[in-house]
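S.K.: Predicted coordinates and the sequence they were generated for:
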Amino acid sequence: MTPSHVVEKINKGEMTEDEFRIIALEFDKVVSEKARGMFKTKEKYDDYIIEYYIVETMRFFFGFPPILFYAILRDHKELRETLNLKVLKTFSNYEEFRKKLQRIKVKINNIIKRNVAEKVDEIYGLDTTVATVDLNRLRQGKKIKGGIFDASFCFDSVRGVEVGYMVCTLLNLTNFSVVDVKIYPKNKAKKEIWDEMVITNLGTESGKIKVVIADAGFFAYNNILLPLNYRIIHVIKLKKNIDREELKRMVEGILTNVRWFDSRYNRILSSLLEDFEYIIKKTVEGIDRYEEFAEMRSKIELIFKELRQCSD
């Protein structure tokens, strides 16, 4: 059965199974091509990393647990051919590799602490991909004109043949796992995506400090100021017309979370305030020295190198 959240976001609940199948297969191709471009470096363990990313992203997209995803994959020839899995072809292959990931989790955490000179517990990447589907393949082009497909998904509302959508993936780079996958109209406001993907999934009043790396398209004042009280340090490149000094003053003037002064937090209040001061400091540093601060992107590559050293 097609997950309801996918159906609702693409066409307000009126998409047929056949229509969703075409869109899902198009997305499969986008994910597969992107993964092979991101991680392929001719190392022997690349295929495992690539296919793990593909499987995790696709099963989150469909809303399936691993065992159900592989059960469907076994009976769906077109999906198998599109994904073209070589080393994680079965659920047992997937489980075996996932156990290896668990065994080296301590090594990964040590790499983060050793090579990323920041007081952070977890690092995330927020990625967006735009995919398109030609509805003429479905002989459904007229449905756009009839209002069945949400107009915000249309690339050409006059011709009414091509539907475009944006897929957003939140990836935990610390343990190489997919946190969330959502689909949006191509013109969805990045501020809303940031709130739904980052704040909702990662925002906490206490606990771990997170770093989220995202492209310049996610720059907005709210996307910088809002995470500060949720223990999140953003890494987003500033736009050229931004007054950096004014932005720094806004960050430094942000008020602490009033809820921290509730009796529930009495024992850890000093720690919360200390962490808050650190988050403010690192956010201000990021405004002035983005290129230097964003070097942690390259540090993440050490994680993948460590994974490649796993034995079969």
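M.R.: On my side now, so go ahead.

S.K.: Only C-alpha atoms from now on, for both contacts and neighbour counts.
M.R.: Will do.

S.K.: Where in this protein is the helix or strand with the lowest mean pLDDT?
M.R.: Of all regular secondary-structure elements in the chain, judged by mean pLDDT, DSSP states H and E, the least confident is helix 142-145 with a mean of 45.

S.K.: Point out where the stretch 201-312 of the chain drops to low pLDDT.
M.R.: By pLDDT under 70, the low-scoring segments of the stretch 201-312 of the chain are 205-206, 216-217, 219-229, 236-244, 247, 250-312.

S.K.: so how many other residues sit close to the residue nearest to residue 204 when sequence neighbours are not counted?
M.R.: Closest residue to residue 204 in three dimensions, ignoring its sequence neighbours and counting by Cα to Cα, 6 or more residues apart in numbering: residue 230, at 4.9 Å. Residues within reach of residue 230, counting by other Cα atoms under 10 Å, total 23.

S.K.: go on, residue 71?
M.R.: By the criterion of other Cα under 10 Å, residue 71 has 12 neighbours.

S.K.: C-alpha coordinates for the helix or strand hosting it, PDB please?
M.R.: Secondary structure from DSSP states H and E places residue 71 in helix 66-75. The C-alpha atoms that make up helix 66-75 are tabulated as PDB, following Å, rounded to 0.1, in the frame of the first residue of the first chain:
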ATOM      1  CA  PRO A  66      14.100  -3.200   6.200                       C
ATOM      2  CA  ILE A  67      12.600  -6.700   6.100                       C
ATOM      3  CA  LEU A  68       9.400  -5.400   4.300                       C
ATOM      4  CA  PHE A  69      11.500  -3.400   1.800                       C
ATOM      5  CA  TYR A  70      13.400  -6.500   0.800                       C
ATOM      6  CA  ALA A  71      10.300  -8.600   0.600                       C
ATOM      7  CA  ILE A  72       8.800  -6.100  -1.900                       C
ATOM      8  CA  LEU A  73      12.100  -5.800  -3.700                       C
ATOM      9  CA  ARG A  74      12.200  -9.600  -4.200                       C
ATOM     10  CA  ASP A  75       8.800  -9.500  -6.000                       C
END
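
S.K.: pLDDT averaged over it, what's the number?
M.R.: For helix 66-75, the mean per-residue pLDDT is 87.

S.K.: just checking, what packs against the helix or strand just after it?
M.R.: Sequence order places helix 77-83 as the next helix or strand after helix 66-75, per DSSP H and E. If contacts are counted by 3 or more Cα pairs under 8 Å, 6 or more residues apart in numbering; DSSP states H and E, helix 77-83 sits against helix 17-39, helix 66-75.

S.K.: Appreciated, that's everything.
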